[in-house]
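Undergrad: sequence and predicted structure are below.
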Amino acid sequence: MKKMKSYFSIKTIIILGIMLCTTALKAEEDYLYYMRQRQGTQEMLKEYVAGILRSKGVDSKGMDEVYVNFIPPMGCPRCEGLVVMYSNMLHKSTAEKAYIINVLLYEKEKALMQYISQQNFPGNLLHTDTTNLFSDIFAVNGDEAMVPYLSKISLRMGRIVAAVPALGIQLDTTFVSGMIHKKDFEEFANSAVNQTSEEKGISYSLRFNIDSLRQKKMSVGKIVGALFKTPKESVNPVRIAGADTLPLIHQFAIDQTGNRLVVNNHLTNSYILYTKQGNSYESPVILAPLQEEDEMYISKSISPEISRYFKEQKVLVSMYLNTSFTGKGLYIMASLPKLEGTMVDSTASLSYSNMPVCLIKDTKNNTMRQYSFSNIDVEEKHGFIFLHPDASYFEEDSLFVFGLQKGWPAVGTGAVPKNESDSPFRDEFYSHASTLMFYNTQSGQYKLTAPLDEFFKKHRLEYYASSSLVKKCNGRYFYASQSLGKIHAMSNNFESSTTVHDFFETGTVAGHIPVREELSYIEEAGKLYLNKWIADFEVMPDNSCKAIVKDGDYWYYYDSKNSSTGIRAVFPNEIESKELSCVKFGRDKNGETVIYGLYQNSQDIVVYTFDM
C-alpha cells in the first residue's frame, strides 16, 4: 500500500465522508425502520412543534415547513454522525433558510448535559422531549424510536411531508434535494389498534385466568397482583451515589461478593464501576474508551487532518457495548473504529469499518489484555453474523459465546430481502440455522451449534425474535431460548443440546399463524406470540430451573417446580415512586443465589435484594 500524503482539502474530506455513509429520496417501504403519523393527530402535531418553538422564544406565526430530526440519544451512535452531516448539507443547500429542529427523545434531561456538549448537533433549535408525546403522534418499529429519524413537517397542516430513518440511507446531494423538494404528505399509519401501556403484560398463556377478573373492571396491575404473590424486597436497599446526573440505566452487573456494581452510561458509550460502602454504591470509576483505543485501528497512512475531521463529525466512534465481571477485573465487549486508506491509479479512497474486540480491564480502567475477533470467518464460510455486542466470556475455559443471525430482516436495513437466500419464507433458509458460536481463544477454533427452534421454521419467523442467553451452572453450560422460554443443556463438546425445561410452551399454545411474506407479518406474529422472554435463569444442582421473565410491563419469577404456569411471583413495578428497570440473579457474599432488582426515577437509582 502506498503511503497517503496529507494533501486532502476539507472539500475532499467531505466528499469522502459522504462516500463512507451507507439517491434519490427512497420510498418509505424501502426502509426497515419507519416513522408514520398516527391518524387524527394533526392538531397534536401542530401544537407539539409550536410548543417547542414557544419554549425557545420563537413565534411560529407564518412558519410552515420545518425540518425536525428526532434523535433517541445513542440509539444508533454512528447514525448521529450522519444527522450532523445531513443538517450541514441541508443548511448549505438552502443558503441556511431551512429551519432545523433537533429533538432529543429522553426523559431524564439533566443526564444529557455532557452528551449535548459532545454531540453539538447543527440546527436552529435543540429541544429535549421528556414526555411521551412522540409515541402518541408517531408509530415506529417497537414501542419507541430506536434510530434517528430525519423528518420534514408542515406546521400549517400538522402533517408529515417526509420521514426517513438515518440508518440505511445513502447521504448525497440528491437525497438532500429530495427532502427539500418533497411537498406531498406521507400516508398515515394503519388504523390497527395498538395495545395501551395498561394492557401490556398479559400474555396469551395467562388469558384463560383473566376473563372473570376483567368482568370486575380490575386494571391489569390489580389483575396481576390478584393472580400472583409479590416478593418482599430487602430491608436495606443500596443506593447509587449521584444518581440524578446519571442516564437511565438499562444494564447492570454485580460481582460475586455483592460489593461491586457496574452500570452502563449509554449516552457516553461508557460504564461506571462502584464499590459498596454501607448502604450506597460510591467511589465511581469511569470505564470509557481511551485515546489509544480510539486510534488503535486508524491506519498510519491516514493524515491527522482526515481522522480528526471524521471524529468531529461523529463518524469515528469507539463504543463500549457490554460488560461484566471476570476474575479480578471486567471484560468489555467493544467496537473500535477502523479506517484504512488505499491509493489506486493515483486515486485515493478510504475504507471504514468496525473492529469487534474484547478488552479485559482492571478496576481502574487499565487494559490488561485484548481479544480481537477479526479473524473469525463465520460470515464468509457459513453466512452468519456473530452478535459481538452481547457475547459472554468464560475466562476459566478460555471461551467466548456469541449469538448468531443470518438473513432478512434480522440482518440488513431494507424492507424486503436482498435475494432469495436471505428470505426466511423458504425451507432452504432453515437447513443450516445455528444460533450459537463457541469460540476458544487458545485454539482459535469455533463451534456452531444450538439449531434454531422448529417453531421459527414452522411459522417462518427466522431470527427476528430469536435470542439466546448462555450461562454456566454447576460446571455445565446451559442456554435459554429467550423468546420461547426453553432452557437447554449443552453436551460437553457443544455438539448437541437437550431441552431441560419449557416454561412458556409456545409451540402448544400458539396454534397456527397465517403466514404472509412481508415484514408486517413477522412483526405482528412476534408481538402476538413472542411478547415475553427469559431475562435471566439459573439451573440448580437438582436440575430444577428458575427464571426471571419480562412480559410486557411486568417482571415475573418462574420456578420449574411450580407445575401449573411456572410463575411463582411477580415483582413490584414500583417501589417508593421508583420504577423497575431490570432484574437478574446474583450471588451474595456467602455464595448463595439471590435476586437483584434495579429501580430508578429522575433522582434515585436503588438496588433491592428480593427474598424469594
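TA: Received it, and whenever you're ready, just let me know what you need.

Undergrad: who's in contact with whichever helix or strand F134 is part of?
TA: Assignment of secondary structure by DSSP states H and E places F134 within helix 133-137. Residues from elsewhere that reach helix 133-137, judged by C-beta atoms under 8 Å, 6 or more residues apart in numbering: 37-38, 41, 44-45, 48, 70, 103, 105, 143-145. Using the backbone N, CA and C atoms, a C-beta is placed for each residue, glycine as well.

Undergrad: and these, which are buried?
TA: 37-38, 41, 45, 48, 70, 103, 105, 145 (16 or more other C-beta atoms under 10 Å).

Undergrad: among those residues, show me the least confident.
TA: Scanning the buried ones among the contacts of helix 133-137 for pLDDT, the low point is A145. It has 92.

Undergrad: just to revisit the earlier point, quick check: buried residues in the helix holding F134?
TA: Under the neighbour-count criterion of 16+ other C-beta under 10 Å, helix 133-137 has 133-135, 137 buried.

Undergrad: now intersect the buried ones among the contacts of helix 133-137 with the helices, please.
TA: Counted as lying in helices by DSSP state H, out of these, are 45, 48.

Undergrad: partners of the helix or strand just after the helix holding F134 in the sheet?
TA: Downstream of helix 133-137, the next assigned helix or strand under DSSP H and E is strand 138-140. Using DSSP bridges, strand 138-140 pairs in its sheet with strand 35-37 (antiparallel).

Undergrad: what's the strand it pairs with in contact with?
TA: Contacts for strand 35-37 (C-beta under 8 Å, 6+ apart): 28, 45, 70, 137-140, 145, 149, 151, 159-160, 163, 165, 186-189.

Undergrad: 7 Å instead?
TA: 45, 137-140, 149, 151, 159-160, 163, 186, 188-189 (C-beta atoms under 7 Å, 6 or more residues apart in numbering).

Undergrad: and if you look at stretch 450-458?
TA: Under C-beta under 7 Å, 6+ apart, the answer for stretch 450-458 is 430, 433-436, 462-463, 466, 468, 479, 481, 484, 497, 506-507.

Undergrad: which ones among the residues you listed map onto strands?
TA: 434-436, 468, 479, 481, 497 (DSSP state E).

Undergrad: any stretches of the stretch 301-450 of the chain with poor pLDDT?
TA: Across the stretch 301-450 of the chain, the ranges flagged by pLDDT under 70 are 343-346, 348.

Undergrad: and the helices in it?
TA: Assigned by DSSP state H, counting those that start in this stretch, the helices in the stretch 301-450 of the chain fall at 304-312, 378-382.

Undergrad: figure out which of those helices is closest to H127.
TA: helix 304-312 (23.1 Å; C-beta to C-beta).

Undergrad: now for the closest one, which elements pack on it?
TA: helix 10-20 (3 or more C-beta pairs under 7 Å, 6 or more residues apart in numbering; DSSP states H and E).

Undergrad: for stretch 336-354, buried residues please.
TA: Taking 16+ other C-beta under 10 Å as the criterion, stretch 336-354 shows 336-341, 348, 350, 352, 354 as buried.

Undergrad: endpoints of it, how far apart?
TA: Stretch 336-354 has an end-to-end distance of 6 Å (criterion: C-alpha to C-alpha, to the nearest Å).

Undergrad: low-confidence regions, the stretch 51-200 of the chain specifically.
TA: Scanning the stretch 51-200 of the chain with the threshold set as pLDDT under 70 gives 191-200.

Undergrad: how about the buried residues of stretch 336-354, which pair is most distant?
TA: L336 and A348 (23.0 Å).

Undergrad: before we move on, back to that, let me have the buried ones among the contacts of helix 133-137 in a markdown table, adding distance to V238 as columns.
TA: Converted to a markdown table, the buried ones among the contacts of helix 133-137 look like this (distance: C-beta to C-beta, whole Å):
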| residue | distance to V238 |
| --- | --- |
| Q37 | 44 |
| R38 | 42 |
| T41 | 43 |
| L45 | 43 |
| Y48 | 39 |
| F70 | 36 |
| V103 | 35 |
| L105 | 30 |
| A145 | 32 |
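
Undergrad: out of the buried ones among the contacts of helix 133-137, flag the one nearest to Y86.
TA: Nearest to Y86 among these, with distances taken as C-beta to C-beta, is F70, at 12.9 Å.

Undergrad: give the bridge partners for that closest one, please.
TA: The partner residues for F70, given DSSP bridges, come to V103, Y149.

Undergrad: does the residue lying closest to S581 once chain neighbours are set aside belong to a helix or a strand, and which?
TA: Nearest residue to S581, sequence neighbours excluded (C-beta to C-beta, 6 or more residues apart in numbering): L598, at 5.1 Å. In this assignment (DSSP H and E), L598 forms part of strand 593-600.

Undergrad: show me where the stretch 1-150 of the chain has strands.
TA: In the stretch 1-150 of the chain, the strands defined using DSSP state E, counting those that start in this stretch lie at 35-37, 65-71, 100-105, 125-129, 138-140, 149-154.

Undergrad: quick check: phi and psi on T499?
TA: Phi and psi for T499, reported as degrees, to the nearest 10, are phi -70, psi 120.

Undergrad: K486 is in contact with that one, correct?
TA: Yes: under the criterion of C-beta atoms under 7 Å, T499 makes contact with K486 at 5.5 Å.

Undergrad: and the two? which has more neighbours close in?
TA: Shown here are T499 and K486; by other C-beta atoms under 10 Å, K486 has more neighbours (24 against 12).

Undergrad: give me the nearest residue to that one, chain neighbours excluded.
TA: K486 sits nearest to D502 (C-beta to C-beta, 6+ apart), 5.0 Å away.

Undergrad: that neighbour - how many residues pack around it?
TA: The burial count for D502: 18, using other C-beta under 10 Å.

Undergrad: I'd like to know how far it sits from T435.
TA: From D502 across to T435, the span is 16 Å (C-beta to C-beta, to the nearest Å).

Undergrad: repeat that for L359.
TA: Taking C-beta to C-beta as the measure, L359 falls 26 Å from T435.

Undergrad: before we move on, what about G552?
TA: On the measure of C-beta to C-beta, G552 and T435 end up 24 Å apart.

Undergrad: how about the closest residue in space to P165 that isn't next to it in sequence, what does it touch?
TA: Using C-beta to C-beta, 6+ apart and skipping the chain neighbours, the partner closest in space to P165 is Y33 (3.8 Å). Remark: with contacts taken as C-beta under 7 Å, 6+ apart, Y33 is in contact with 141, 147, 165, 167.

Undergrad: V401 too?
TA: Here V401 is in contact with 391-392, 436, 438, 470 (C-beta under 7 Å, 6+ apart).

Undergrad: give the bridge partners for it, please.
TA: Beta bridges link V401 to S392, F438, judged by DSSP bridges.

Undergrad: can you map out the strands along the stretch 451-600 of the chain?
TA: Using DSSP E, counting those that start in this stretch, the strands assigned to the stretch 451-600 of the chain run over residues 468-473, 476-481, 486-490, 497-502, 532-539, 545-551, 554-559, 567-570, 574-575, 578-587, 593-600.

Undergrad: starting at the chain centroid, how far to stretch 265-284?
TA: Offset of stretch 265-284 from its chain centre (C-alpha atoms, centre = their mean, to the nearest Å): 21 Å.
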